[in-house]
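[1] all I have is the shape, not the residue letters:
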């Protein structure tokens, strides 16, 4: 040791008496520091410490990089949720925000922007006429939602001069009126997200530079189409005429209620007073948008809001999003944890190897008189130095890598990733400290116990500290789990899951290694050498296979298996499963609508009846939201149920209790209830439910319970009656229930229908597909109040038919099919302006957006997991590097060419990769089968391609990594074989 | 089998020729000469011991003669081939099947069984009967019952016997032995040496033995001593005394 010979100013008395100058040098702290520095420097140069440093560095890089990246993705998701609201938070109220409250909000640093939303009639001005000459009224064919909205607003008070009506569906150039959703906004709107405008419907969009200037209006595609507007057209809004200058392509913060399906007009808030639209009794929803930091939001929550005002954050606004984000975070945490555990395994392996190599040196130092305290100080300082160098470097690398990754991913995700917080960096250092304490210290402490006798007898070793080492490792794993999982229960679940998974993978790996044994006899020298290495290093091989297998399994599950399950699910749906849903069809529109579809090649678009009803009593006991504890059930009770009728159910409805209706039940007040709804409402056969339908009470008896395959994409209802109940003709005692109709059809994405006989011929078949075989059968439609299908679409369409059309246009832009879709939807919207079309493909696409972002992030995190798995492999490789150099020398000396040596090496890693990939693929296959059969109820058989692909992917990745790390070994000169050593 | 005395009398072909070979290394920033313009000729069937003190360059000389390393200057001819004209793979190809080794530290491949270790040189030489040869040779060294054992399952003596079997299995023309008893106790070492010379005799292999043991060197027909990077020929005194 070079440092041991350096002079030291204050020799200890013991050394003075002993006469050995080396003793006082070794017993001082400075000497320990010098020794530690020299050892680390030498270790890094020689490679002894390089792998440990690399393992620590990668752990730090992964912890930091992934931490920062997930932090940013999480923030982006939160921000995305905020964009959906149009602000960081909003205050909703039915009265304007008091000026003092706004001042308070601004006082704590918030930005605010006020909007006022209300329904009102808008009239197209053909020629310049006086405001009071314009006819304004509610169209007779407006949707129920619009009717509801209109009913809730004092339309007559706010639309002076509304005294006649015109046919909104005529599409002519005559003056037209349309009940619309007016939104008056002030400068700054929207505070988050972007308002996108286009010059005409479905044209390319561009961001708005502000809000509509005074005297101007921006309208959505539906209003534009309904009126046949052009740029510069005039619309009468209340007492003023506004010039239309743009089409709203997309708008953040659009409401998700059905009332929002009304066409929208955006105007400047400063024009509001002049319009005279808001007067006493007007029911307007005021929304104060808030731009605020988390801290400011916390402060705002402490403010006392006047009665009727509610502070809504993105998560409050979208409870389902809150759950999604929470789950997403858990998935990411688990992925990060897996990466860290693999990195910890790499640290443990490399530290153990370093500890073993240190034993000889420590024995020698002890024999020369080094005290334990000196050695302990030196070891601790070595680890400290390593921590600073490796972890510091790793954190830096992780930070840079995540920045580069972020730049690459941001366009992919469609969001800009915000600047991360410093917390992940602090956590990274904590993680590294934990890893050092749990995995690196024990083997080094064990090395401190090396007996001085070892200098004479190398076989002398000590097993002391093995138990302590295991305990330290366990404690470190527990701490890592807790730190990353955030809660004890999840940490315990992960620990149990990880242990079980590792045990199963290890068993699989062990079995595969055993299978290699007989193969050796049948292979050439290179393969035998490679396979021999794997078999001989059995435990190492199993450890490497498990580490790499875990990483590959994670990747396979998230990429291949997920896609496979999705495809299986999609495959179960017919190709012509309806992807367009129509709602708000008025009874008198059924025939014209059928004619419209027939003209366009859709011979049979089934229409289904729908009656909205409030549940008022169960078994004659009045019910309200307070009757139920479950929040979702409360929501159901507060909203309307959608009832329908049928006497023939589709195959996606299965009887659970009782019997399905037959034709003989027509006219009987019976009710068929979906089983989950029955469970939620605590219903059983024979129970009586009272429904209020437009002031009329219907008492219906539960006749049967049924299960519904909601993923069939066919419209289904929770509650059904036999025919002749809800559609009974009006009598002197009872008015007929107001019915609207819904429909669905398949609009091909990739085939032009118009003008092509083949495609036109296929269209009718497509159109009839969503229906059950009998035209009377498909009287099932899931209630929008609680429907997956419709409610999902609801989020996408945001009640904006223009958005629906825009999405459709966007999806097919540039293609004939896209043009066909645009034309068909545009014409449908023009002829039936009150009918709302959901493009379910687009709707589902948007709903899946957040999930896809999580999956993308997860895939990237799992790539880090793969890197960590490869580092484990590297740690094992490094442990055997010296032996590999010697063996390569022997082979060369005996006459082996470079090709044979390389073949042996590649054979070893190819087989290791095959083993890892196979283990991962087998496990992925098993998990996929369990998911498919137990969770998703999908038929799922063996996937040979998954096995072959997984094994090959493992083979390629591991072979390449093995070659990279050992390519220098191939250049080892054969003379090394004469250098001695065993 | 040719009588050794008759064989010695016949004109022989040189299988190893070293011409003015030098080996220098850079150590601590300065040039250190290990071998200095050394000449050596070894004929087919000869047994030559290279003696010398620790650090005299014996092993370096062996590595140069076997083509495991290249000299700084000078030429080495092995089996008539000029080694400097060959690259690493060329030299390996030249050794395959023609050159056998017995190392001080056995140098068995831990991942291969005794049989697989012994088969290795024959396989590398492309001999189809590698397994038969390996089994026969293992039988000759008394390890027929240990063919499926791995090196770590064998004692030091057994490992060196496997190494001996490996050295002879492919029927090499030249055998290099580097301190073959260095890691063995006296009795085991003596037994190994007996087997080495017996097999060498029976197969007529050219033997180049590096040792610092005078007695062991004396069993070779010719002894050369390395001193200060130069060879001092001791003559064939051992030839007469060899059994």
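    Happy to help now that I have it. Everything numeric in this text was worked out from a predicted model, so none of it was measured.
[2] what's near enough to touch the residue in chain B positioned nearest to chain A?
    Proximity of chain B to chain A (C-beta to the nearest C-beta) peaks at residue B:96, 2.7 Å away. For every residue, glycine as well, the C-beta is placed using N, CA and C. Residue B:96 sits next to A:894, A:895, A:896, B:121, B:124, B:125, B:126, B:170 when contact means C-beta atoms under 8 Å, 6 or more residues apart in numbering or on different chains.
[3] which residue is the nearest non-sequential neighbour of the fourth one?
    So the one you mean is residue B:121. Leaving aside its sequence neighbours, residue B:121 sits nearest to residue B:170 (C-beta to C-beta, 6 or more residues apart in numbering or on different chains; 4.1 Å).
[4] which stretches in the stretch 351-500 of chain A count as helices?
    Counting by DSSP state H, counting those that start in this stretch, the stretch 351-500 of chain A has helices at residues A:372-386, A:392-413, A:423-435, A:441-448, A:466-485, A:488-520.
[5] run through who's touching the fourth one.
    Helix A:441-448 has contacts (C-beta under 8 Å, 6+ apart) with A:348, A:351-352, A:354-356, A:358-359, A:362, A:372, A:375-376, A:379, A:382-383, A:462-466, A:468-470, A:472-473.
[6] now it and helix A:466-485, what's the angle there?
    On the basis of axes from the mean of the first three to the mean of the last three C-alpha atoms, to 10 degrees, helix A:441-448 is oriented at 160 degrees to helix A:466-485.
[7] and what of the first one?
    Between helix A:372-386 and helix A:466-485, the angle comes out at 30 degrees (the same axes, to 10 degrees).
[8] got phi/psi on the residue of chain B closest to chain A?
    Main-chain dihedrals, residue B:96, degrees, to the nearest 10: phi -50, psi 120.
[9] got it, and the one 4 residues further on?
    In this entry, residue B:100 is assigned phi and psi values of phi -120, psi 160 (degrees, to the nearest 10).
[10] so what's it scoring on pLDDT?
    Confidence at residue B:100, expressed as pLDDT, is 90.
[11] how far away is residue A:564 from chain B?
    As judged by C-beta to the nearest C-beta, to the nearest Å, residue A:564 and chain B stand 38 Å apart.
[12] can you list the domains in chain A?
    If you go by automatic domain parsing, the domain ranges for chain A are A:31-85+A:318-485, A:86-317, A:487-574+A:840-982, A:587-797.
[13] remind me what the host helix or strand of residue A:528 packs against, helices and strands.
    Per DSSP states H and E: residue A:528 is located in helix A:525-536. Contact partners of helix A:525-536 among helices and strands, from 3 or more C-beta pairs under 8 Å, 6 or more residues apart in numbering or on different chains; DSSP states H and E: helix A:488-520, helix A:898-930, helix B:114-124.
[14] if we use 6 Å, what do you get?
    In terms of contacts (3 or more C-beta pairs under 6 Å, 6 or more residues apart in numbering or on different chains; DSSP states H and E), helix A:525-536 is packed against helix A:488-520, helix A:898-930.
[15] per-residue pLDDT, residue 212?
    Using chain A. Per-residue pLDDT puts residue A:212 at 94.
[16] look at chain B instead
    Confidence at residue B:212, expressed as pLDDT, is 84.
[17] now whichever helix in chain B runs longest: how far from the chain's centre is it?
    For chain B, the helix with the greatest residue count under DSSP state H is helix B:186-203. Centroid separation for helix B:186-203 versus its chain: 13 Å, with C-alpha atoms, centre = their mean, to the nearest Å.
[18] the helix or strand following it pairs with which strands, parallel or anti?
    Downstream of helix B:186-203, the next assigned helix or strand under DSSP H and E is strand B:206-210. Next to strand B:206-210 in the sheet, as set by DSSP bridges, lie strand B:47-52 (parallel), strand B:174-178 (parallel).
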